[in-house]
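Asks: I would like the atomic coordinates for the input below:
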Amino acid sequence: MEAGALIIIFALLVLFAFLGLGAWAAVKAVGAAKRGVDRTITQARRTVEDTALKAKSFGQVGVPGTLAQLRLDLRTSMRATQQALYQGVQTDASLKESIGLFERLSAHGHELDDELKRLEQEPDRARIAGMLPDLKERTAKITQASDSLRWAARDRARRFAEDDLSALSAQIDVESGALRDWSRETVDDLAAAAEAWDAQQPPSGAAGRATQPPSGRPGHTPPQPAALNPTPPPVRHPWQKTPRPEATT
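Replies: Just a heads-up that it's a prediction; the model follows:
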């Protein structure tokens, strides 16, 4: 009974663990889907706002067109710098400090953008016209700072790419030279080996005399060449009698 109870308790614990894991995975999936939807909605809203600002800047004159153009310049510069810095920090960790500065600049940019958005709904156009010089100056400061960070990050990435390409080209030149030296050394080695082999061979006249068989010596019988089918020795059977030697007396 105790063993069965332990098995049941263990099975329940495993089941609860799987249920908890499934619930956690479901919550994570829902959160990821929600973040994806929010990101899509934000991008769609941003696209709509940018399109409306472009239409206002080209279609309206006076104060409304100027405000729309200021907002469009500010948003375009800040978005381009944000994209350049956050993409560059993935390969260059030193851009983290630049991102910190950009986040501080973004706070001023959001504040100015909200102010410009409120002024678009302001009915007192004469008052807004008096504020335009200050608004243009603030917008220029923020966009210039944003452009400076963006171009500095791009120049840094381009310089790193040029240095890496120069180092790679130098390594390839060294490797190419080594391959060409290896090819020449191989040909020289083969030529030296051929000359050494030729030096070890005897002269052609000595070789001819060495191959001629000696002839004309007394008492010397040159070996006869073996027949192709030599006669086999006679076979002696056990029933045959041994011949007796002939008597000499």
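
Asks: which stretches of the protein have low pLDDT?
Replies: Counting by pLDDT under 70, the ranges of the chain that qualify are 1-4, 32-50, 52-54, 56-61, 182-190, 203-249.

Asks: Recalculate using a threshold of 50.
Replies: 216, 227-228, 249 (pLDDT under 50).

Asks: ok, and for stretch 114-122, which residues are buried?
Replies: 116, 119 (16 or more other C-beta atoms under 10 Å). No exception for glycine: its C-beta is placed from N, CA and C like everyone else's.

Asks: Dump that stretch to PDB, keeping only the CA atoms.
Replies: This file holds the C-alpha atoms of stretch 114-122, laid out as PDB (Å, rounded to 0.1, in the frame of the first residue of the first chain):
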ATOM      1  CA  ASP A 114       4.700  66.400 -28.100                       C
ATOM      2  CA  GLU A 115       4.900  70.100 -27.900                       C
ATOM      3  CA  LEU A 116       4.800  70.500 -31.700                       C
ATOM      4  CA  LYS A 117       1.900  68.100 -31.800                       C
ATOM      5  CA  ARG A 118      -0.100  70.200 -29.200                       C
ATOM      6  CA  LEU A 119       0.700  73.400 -31.100                       C
ATOM      7  CA  GLU A 120      -0.800  71.900 -34.300                       C
ATOM      8  CA  GLN A 121      -4.200  72.100 -32.500                       C
ATOM      9  CA  GLU A 122      -3.600  75.600 -31.100                       C
END
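
Asks: got the contact list for that stretch?
Replies: Residues outside stretch 114-122 that contact it (C-beta atoms under 8 Å, 6 or more residues apart in numbering) are 64, 67-68, 70-71, 74, 128, 131, 135.

Asks: change it to 7 Å
Replies: Residues from elsewhere that reach stretch 114-122 (C-beta atoms under 7 Å, 6 or more residues apart in numbering): 64, 67, 70-71, 128, 135.

Asks: how about JSON lines for those, with neighbour count and secondary structure added?
Replies: Below are the contacts of stretch 114-122 laid out as JSON lines (neighbours: other C-beta atoms under 10 Å; DSSP: H, G, I helix; E, B strand; the rest coil):
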{"residue": "P64", "neighbour count": "16", "secondary structure": "helix"}
{"residue": "L67", "neighbour count": "25", "secondary structure": "helix"}
{"residue": "L70", "neighbour count": "23", "secondary structure": "helix"}
{"residue": "R71", "neighbour count": "26", "secondary structure": "helix"}
{"residue": "I128", "neighbour count": "19", "secondary structure": "helix"}
{"residue": "L135", "neighbour count": "18", "secondary structure": "helix"}
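
Asks: can you list those in a markdown table and add distance to K141?
Replies: Shown next, in a markdown table, are the contacts of stretch 114-122 (distance: C-beta to C-beta, whole Å):
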| residue | distance to K141 |
| --- | --- |
| P64 | 23 |
| L67 | 17 |
| L70 | 12 |
| R71 | 15 |
| I128 | 20 |
| L135 | 11 |
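
Asks: ok, which stretches of the chain are helices?
Replies: Secondary structure of the chain (DSSP state H): helices at 2-59, 63-88, 96-120, 125-200, 204-211.

Asks: Please identify the most buried of those.
Replies: helix 63-88 (a mean of 19; mean count of other C-beta atoms under 10 Å).
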